[in-house]
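Novice: Predicted model and sequence follow; I will ask about them next.
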Amino acid sequence: MAEPKKLYIKTYGCQMNVYDSERMAEAMGGAGYTEVTRPEDADMILLNTCHIREKAAEKVYSELGRFRDLKEARPDLKIGVAGCVAQAEGAEIMRRQPLVDLVVGPQSYHRLPEMEAKVRAGGTALDTDFPEEDKFEKLARRPKAKRGPTAFLTVQEGCDKFCAFCVVPYTRGAEVSRPAARIIDEAKDLVERGVREITLLGQNVNAYHGTGPKGEDWTLARLIWALNEVDGLERIRFTTSHPNDMGEDLIEAHGACAKLMPYLHLPVQSGSDRILKRMNRSHTAEAYIRLIERIRAARPDLLLSGDFIVGFPEETEEDFQATLDLIEAVRYGQAYSFKYSTRPGTPAAERAQVDAKAASERLQRLQALLARQQREIQAEMVGRDVEVLFERAGRQPGQMVGKSQYLHAVHCLAPDAEIGDIARVRITGTAPNSLAGTLL
Ligand code: SAH
Ligand code: SF4
Ligand code: F3S
């Protein structure tokens, strides 16, 4: 038998890219590739890229430049660019970096094996279509290999919201939901392979409207209730949600569905109504706060996470203060915050930009507030009992590390426990990014 060819994949960006990289590796497995962890060992290098901010996109070119020596030493090494930079820049990538043999967008990677054959034969391959066929239907079933206790599962892709700063509607296309039966099958498959927690993914996951098994329209809540019935699956999460798609049934599920974890990532971006309007977010700060109140009424111990952009065009000190006020009102256990990055082709790119120094200074103040809230909420966990799903062994002998239902990393001594076990743990202390506990 021929020696298997070796594939090295590097993933940037969001969890959807992590999921896509797994599926690409599986698709290439069918074409005779096994995955390796170092680019030096590879016959093919694939960068799965992110276009969300300028820095993310530029990183791709500096990374590609680093492969020059490898390619000179081994001219049969093939280099591919996948993901959102591939979709946004297409053939331009090969012009700017001639080392690249293959460019494939996020909606066409089921065609990778054919594209690989083409580049092996000495050509180049480019595919940034939004094809009619569903890539998930075309991809081979996932192989039966054993895997860790947590997994991502993409249920929805694309975005119709067109926030004024964001490239996603252009790189990922319109909102599309996968049929419920296929998702449930894939979830069962993952559980058979050792998975106990599944995070459902979508750029707007709560906008999920998939076809149910009898042809009816299923919401995300309906899908979560169906997954709640899957034996062996212990935990369900989902990300990322949009405030405008937070349906009543999903709010109720947070209070009633046993396997749905009390954690919600619900980005708001800004606390200023003027800026929210200019961002095309189509909700006010007040509406967001009321929404959080309703969700917390259903699930009082919910831990909230969010995304914030500072220095959006025309943001004043007063607008920024409104964002700080919103954060104070909500209290986030976790959050991501970014300085606005101009993305060519998006409406906000044409507007008056905020002074870079002022934006950096605001980001620091915002992050200090978010860090304080995160610390306080962690400190409030001390003395409480949580359920921890062990994901890996810790550094000390007998130590295990896992996540609580609130997605806090927790470490404790559990010499008899195995990866994949769920244990009750009493929290005894906090560290900067984790909690310490003792097994009950
Ligand atoms: N669909 C999700 C977010 C997808 S992008 C949502 O609607 O919330 C992830 C995060 O990146 C966004 O929430 C936003 O905070 C940030 N982001 C997107 N475009 C950006 C830009 N041009 N500059 C800075 N941050 C940006
Ligand atoms: Fe981007 Fe807005 Fe869509 Fe989120 S909802 S992916 S921020 S356009
Ligand atoms: Fe980046 Fe594309 Fe995800 S731009 S954040 S990889 S959808």
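Specialist: Nice, I can see it. Numbers count the residues shown, from 1 in each chain. Ligands and ions are numbered 1, 2, ... in the order given.

Novice: Going along the chain, name the helices of the stretch 251-400 of the chain.
Specialist: 273-278, 285-298, 317-330, 356-381 (DSSP state H, counting those that start in this stretch).

Novice: And for the stretch 101-250 of the chain?
Specialist: With helices called from DSSP H, counting those that start in this stretch, the stretch 101-250 of the chain shows them at 112-120, 135-138, 168-171, 180-192, 220-227, 248-256.

Novice: Which one of these lies nearest to ligand 3?
Specialist: With CB to the nearest ligand atom as the measure, helix 168-171 is the member of these nearest ligand 3 (5.1 Å). (C-beta placed from N, C-alpha, C; glycine too.)

Novice: What helices and strands are in contact with that closest one?
Specialist: Contacts defined by 3 or more CB pairs under 8 Å, 6 or more residues apart in numbering; DSSP states H and E place helix 168-171 against helix 83-89.

Novice: quick one: is the helix it packs on near ligand 3?
Specialist: Yes. Helix 83-89 reaches ligand 3 (CB under 6 Å from any ligand atom) through 83-84.

Novice: How far does the helix or strand following that helix sit from its chain's centre?
Specialist: Next along the chain after helix 83-89, taking DSSP states H and E as the criterion, comes helix 92-96. Relative to its parent chain, helix 92-96 has a centroid offset of 27 Å by CA atoms, centre = their mean, to the nearest Å.

Novice: What helices and strands are in contact with helix 92-96?
Specialist: For helix 92-96, the elements it packs on are helix 83-89, judged by 3+ CB pairs under 8 Å, 6+ apart.

Novice: near ligand 2 at all, the helix it packs on?
Specialist: No. Judged by CB under 6 Å from any ligand atom, helix 83-89 and ligand 2 are separated, with a smallest distance of 10.9 Å.

Novice: circling back to that earlier point, please identify which of the helices of the stretch 251-400 of the chain is closest to ligand 2.
Specialist: helix 273-278 (11.5 Å).

Novice: Please identify the buried residues of the closest one?
Specialist: Within helix 273-278, the residues that qualify as buried by neighbour count (16 or more other CB atoms under 10 Å) are 273, 275-276, 278.

Novice: Please identify which of the helices of the stretch 251-400 of the chain is closest to ligand 1.
Specialist: Closest to ligand 1 of the helices of the stretch 251-400 of the chain, according to CB to the nearest ligand atom: helix 356-381, at 10.2 Å.

Novice: Can you give me the buried ones in the closest one?
Specialist: By 16+ other CB under 10 Å, the buried positions in helix 356-381 come out as 359, 362-363, 366, 369-370, 373-374, 377-378, 381.

Novice: Show me which residues of the stretch 201-350 of the chain sit near ligand 1.
Specialist: So far as CB under 6 Å from any ligand atom goes, the stretch 201-350 of the chain lies against ligand 1 at 203-204, 240, 242, 267, 269, 307, 309, 338, 340-341, 343.

Novice: Scan the residues you listed and report the most crowded one.
Specialist: residue 309 (27 neighbours; other CB atoms under 10 Å).

Novice: Which among the helices of the stretch 101-250 of the chain is found nearest to residue 41?
Specialist: For residue 41, the closest of the helices of the stretch 101-250 of the chain is helix 112-120, at 17.2 Å, according to CB to CB.

Novice: these two touch, right, residue 49 and residue 88?
Specialist: No. Residue 49 is beyond contact range of residue 88, at 9.0 Å (criterion: CB atoms under 8 Å).

Novice: Name the residue in the two with the higher neighbour count.
Specialist: residue 49 (29 against 20).

Novice: how many neighbours does the closest residue to residue 235 other than its chain neighbours have?
Specialist: Leaving out its chain neighbours, the residue that sits closest to residue 235 by CB to CB, 6 or more residues apart in numbering is residue 197, at 3.8 Å. Neighbourhood size, residue 197 [other CB under 10 Å]: 23.

Novice: contacting residues for residue 197?
Specialist: Neighbouring residues of residue 197 by CB atoms under 8 Å, 6 or more residues apart in numbering: 149-151, 233-237, 389, 403.

Novice: and the residues you listed, which are buried?
Specialist: Applying 16+ other CB under 10 Å to the contacts of residue 197 flags 149-151, 233-237, 389, 403 as buried.

Novice: from these, which ones fall inside strands?
Specialist: Mapping the buried ones among the contacts of residue 197 onto strands (DSSP state E) picks out 150-151, 235-237, 389, 403.

Novice: From the residues you listed, pick the one nearest residue 34.
Specialist: If you rank these by distance to residue 34 using CB to CB, residue 151 comes first, at 20.0 Å.

Novice: Could you tell me how far the closest one is located from residue 28?
Specialist: Residue 151 sits 19 Å away from residue 28, going by CB to CB, to the nearest Å.

Novice: what do you get for residue 315?
Specialist: According to CB to CB, residue 315 and residue 28 sit 44 Å apart.

Novice: repeat for residue 162
Specialist: With the distance defined as CB to CB, residue 162 ends up 33 Å from residue 28.

Novice: Which one of these two is surrounded by more residues?
Specialist: Higher neighbour count among residue 162 and residue 28: residue 28, with 22 against 14, using other CB under 10 Å.

Novice: host element of the residue nearest to the more buried one when sequence neighbours are not counted?
Specialist: With sequence-adjacent residues excluded and distances taken as CB to CB, 6+ apart, residue 28 is closest to residue 7, at 5.2 Å. Using DSSP H and E, residue 7 maps to strand 5-11.

Novice: Give me the helices and strands touching that strand, please.
Specialist: On a contact count with 3+ CB pairs under 8 Å, 6+ apart, strand 5-11 meets helix 15-29, strand 33-35, strand 44-49.
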